[in-house]
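Participant: Provided below are the primary sequence and the corresponding predicted coordinates.
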Amino acid sequence: MAKTAAKMKKQKKRKKPVKAKETKDVSSAKKKKEILKFIEKKTDKVEKPKEMKATKTLKKKEKPRKTKKTKDIAPTETKKSTKKKTVKVEKTKEIKKPSTKEKKKIVKTTKKKTAKKEELKEIKMIPPPPKEKEESEEYKKIREEINKILKDRFLPRHIIDSIIERIARDKTLESKIKKIVDKVFLEYTKNLVDPTEACGMVSAQSIGEPGTQMTMRTFHYAGVAEINVTLGLPRLIEIVDARSIPSTPMMTIYLRDEYKLNPDLSKEIANKIEITRLTDVADIEMDLINIVIYIKPNKKTMEKKGLTLDELLESIQSARKIDAKIEKGAIKVTLDEPGYMNLQNVNETLKKLKIKGIDGIKRVIIRKEPNEGYVIYSEGSNLTEVLEIEGVDPYRTSTNDIHAVARELGIEAARNMIIQEAHNTLSEQGLNVDLRHIMLVADVMTADGTVRAIGRHGVSGEKTSVLSRAAFEITVNHLLLASQRGENDVLNGVAENIIVGQPVNLGTGAVELVMGLGKPKKKKGK
């Protein structure tokens, strides 16, 4: 064993010089690689602009850099490297070229952008309502005089404007400006709400009492029996409950410029707005033997609606599992999967098929109003799509759908709509309710930024007081939930103080002055 171990050691010692030779070869190869890398770095700087320039610069710079070690290797390998680099440049160029799909996407995006720009231009083109003209010198002088008389006292702008207009018309009143202003201010202060007055209770009574005298009836609008509008008590309940969809939605669509004067143009807009289904324009016949449907269009109604056969065909082809063709002035509809059940289903879908118009608007009536031109009245409402139609005046077009107004035009517009609708329903039946009471109701409904109902699902259901909620509706449930949560009642309102038996913190109940009723003091000398 000892002999074999000695032999192994000798063999290892003999192999050591062979390894040294190998390392020498590796070191030379490493040096060659480093030189090649150095040359490649130099060539990279020149290769950036173009392929041709890169190859020329390499040839120029290779000559002085030749050494004894790299005579045979350097030129051949640099050629390979240039070839590789040219291939890389070509690949990058190929990648940069967009494919057909990418081109289509680019075209679509550009089309969308152009369409949006055109829409914005159209919107910008709609002229805003006329601005107020600058005041004349006479008006300015009268205004200055009124402001001098008032000093620190306040009067609303519209009252001052009405005084100025009256004085400008009748110049004999110029000498009596002070008396007029003082009397107007006195009347204005009389109409102001007193401190700690229960204005909510007063407004509730003033709307509730005449509400008991209102009748439940529908009104045939615009002298036509087709369009019905709910008025009276049901409409007032709809407004106060803030119903999402009114029972009889309706729109008054005002037109702009040429459209309101020209009857043909107003008819065109009416046709765009009114929904037209296939049954309104054509007769549908089923052929049970051949399992085919024939659609025979009515020419007169087609002309009235401004439709053509090609437009009809396009709308019919939009239906699924159907092939449609024009044959002898009629449209032949064949099924992809023929069968009696499919034929019946297709027949029903074609009857309900929409060809033209806006969803939700069933019927339209055009009337010529004095000093206004042609106005369109519609049964059904869709404010968003109607405002987009060219020729419609977006500043005056209105709807009785309060939630639609809130979505499109904002909460302030919805508040004005509540006031207008409630006032119109009450005054239509000869009930004179002060507008300020209705305004208070509208303010309470829209104070949160959303249209809320005055009921247990809205304003009264969100009250902080437990007893006032219980006094309104569902007494037991409110009291149980409040006891579970451990709620407190501060007793600030009217209802809760009456329940407890305390004086209410309003009017005379808010004043805590006590007059001392002692014996009167006797005067000296008596």
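Facilitator: Sure thing, it's come through.
Participant: Find the residue ranges of this structure scoring beneath the pLDDT cut-off.
Facilitator: For the chain, applying pLDDT under 70 flags the ranges 1-32, 40-133, 216-226, 523-526.
Participant: Domain ranges for it, per the record?
Facilitator: As given by automatic domain parsing, the domain ranges for the chain are 8-87, 154-192, 201-248+400-446, 276-356, 463-502.
Participant: Tell me if residue 293 really is in a strand.
Facilitator: Yes. Per DSSP: H, G, I helix; E, B strand; the rest coil, residue 293 lies within a strand segment.
Participant: quick one: it and residue 338 touch, right?
Facilitator: No. Look at residue 293 against residue 338 with CB atoms under 8 Å: they stay out of range, at 11.4 Å. Placement of C-beta: from N, CA and C, glycine included.
Participant: residues contacting residue 411?
Facilitator: 446, 449-451 (CB atoms under 8 Å, 6 or more residues apart in numbering).
Participant: Quick one: end-to-end length of stretch 285-297, please.
Facilitator: Terminal residues of stretch 285-297 are spaced 11 Å apart (CA to CA, to the nearest Å).
Participant: Could I get the contacting residues of the closest residue in space to residue 379 that isn't next to it in sequence?
Facilitator: Closest residue to residue 379 apart from its sequence neighbours, by CB to CB, 6 or more residues apart in numbering: residue 363 at 4.2 Å. Residue 363 is in contact with 226-227, 274, 378-380, counting by CB under 8 Å, 6+ apart.
Participant: quick check, nearest of these to residue 493?
Facilitator: Closest approach to residue 493 among the contacts of residue 363 (CB to CB): residue 380, at 41.7 Å.
Participant: Which positions are bridged to residue 294 in the beta structure?
Facilitator: residue 285, residue 332 (DSSP bridges).
Participant: hang on, it packs against residue 328?
Facilitator: No. At 9.8 Å, residue 294 does not count as touching residue 328 under the criterion of CB under 8 Å.
Participant: Looking at these two, which one has more neighbours?
Facilitator: residue 294 (17 against 7; other CB atoms under 10 Å).
Participant: give the contact list for that one.
Facilitator: 284-285, 287, 330-333.
Participant: For those, give me CSV that also has neighbour count and distance to residue 427.
Facilitator: Conversion of these to CSV gives the following (neighbours: other CB atoms under 10 Å; distance: CB to CB, whole Å):
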residue, neighbour count, distance to residue 427
284, 18, 48
285, 12, 53
287, 12, 59
330, 16, 54
331, 22, 52
332, 16, 58
333, 23, 54
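Participant: So what's the gap between the helix or strand in which residue 378 is found and the chain middle?
Facilitator: Assigned by DSSP states H and E, residue 378 belongs to strand 373-379. Relative to its parent chain, strand 373-379 has a centroid offset of 25 Å by CA atoms, centre = their mean, to the nearest Å.
Participant: just to revisit the earlier point, phi and psi next, for the residue nearest to residue 379.
Facilitator: In this entry, residue 363 is assigned phi and psi values of phi -140, psi 150 (degrees, to the nearest 10).
Participant: A strand includes residue 512, no?
Facilitator: No. Counting by three-state DSSP, residue 512 is not part of a strand but coil.
Participant: now it: how far from residue 450?
Facilitator: Separation of residue 512 from residue 450 (CB to CB, to the nearest Å) stands at 38 Å.
Participant: more neighbours, these two?
Facilitator: A direct count of neighbours by other CB under 10 Å for residue 512 and residue 450 places residue 450 higher, at 13 against 6.
Participant: residues in contact with the more buried one?
Facilitator: Contacts of residue 450 by CB under 8 Å, 6+ apart are 406, 411.
Participant: Let me know the helix or strand that it is in.
Facilitator: Applying DSSP H and E, one finds residue 450 in no helix or strand.
Participant: ditto for residue 35
Facilitator: Residue 35 belongs to helix 2-47, assigned by DSSP H and E.
Participant: same check, this time on residue 315
Facilitator: Assigned by DSSP H and E, residue 315 falls in helix 309-317.
Participant: after that helix, next one along is what?
Facilitator: Helix 309-317 is succeeded, C-terminally, by strand 322-327 (DSSP H and E).
Participant: ok, residue 502 - how many residues close by?
Facilitator: By other CB under 10 Å, neighbour count at residue 502 equals 11.
Participant: Not counting residues beside it along the chain, what's closest to it?
Facilitator: residue 491 (6.8 Å).
Participant: Quickly find the element holding the residue nearest in space to the middle of the chain.
Facilitator: In the chain, the C-alpha nearest the mean C-alpha coordinate belongs to residue 408, at 5.3 Å (CA atoms, centre = their mean). Assigned by DSSP H and E, residue 408 falls within helix 402-409.
Participant: Go through that helix and flag the buried ones.
Facilitator: Neighbour counts over helix 402-409 (16 or more other CB atoms under 10 Å) mark 402-406, 408-409 as buried.
Participant: ok so, going back, farthest-apart pair in the contacts of residue 294, please.
Facilitator: 287 and 331, at 13.0 Å, using CB to CB across the contacts of residue 294.
Participant: all strands for this structure, in order.
Facilitator: Counting by DSSP state E, the segments of the chain that form strands are 216-220, 228-232, 250-254, 276-277, 282-287, 292-297, 322-327, 330-335, 354-356, 363-369, 373-379, 398-399.
Participant: gap between stretch 482-502 and the chain center?
Facilitator: On CA atoms, centre = their mean, the centre of stretch 482-502 falls 41 Å from that of its chain.
Participant: contacting residues around it?
Facilitator: Looking at what lies outside stretch 482-502 - CB under 8 Å, 6+ apart - the contacts are 198, 201, 463-468, 470-472, 503-506.
Participant: Next, the contact list for the residue lying closest to residue 414 once chain neighbours are set aside, please.
Facilitator: Spatially, and ignoring its direct neighbours in sequence, residue 414 is nearest to residue 406 (3.7 Å; CB to CB, 6+ apart). The contact partners of residue 406, by CB under 8 Å, 6+ apart, come to 413-414, 450-451.
Participant: Weed out the non-buried ones from the residues you listed.
Facilitator: 414, 451.
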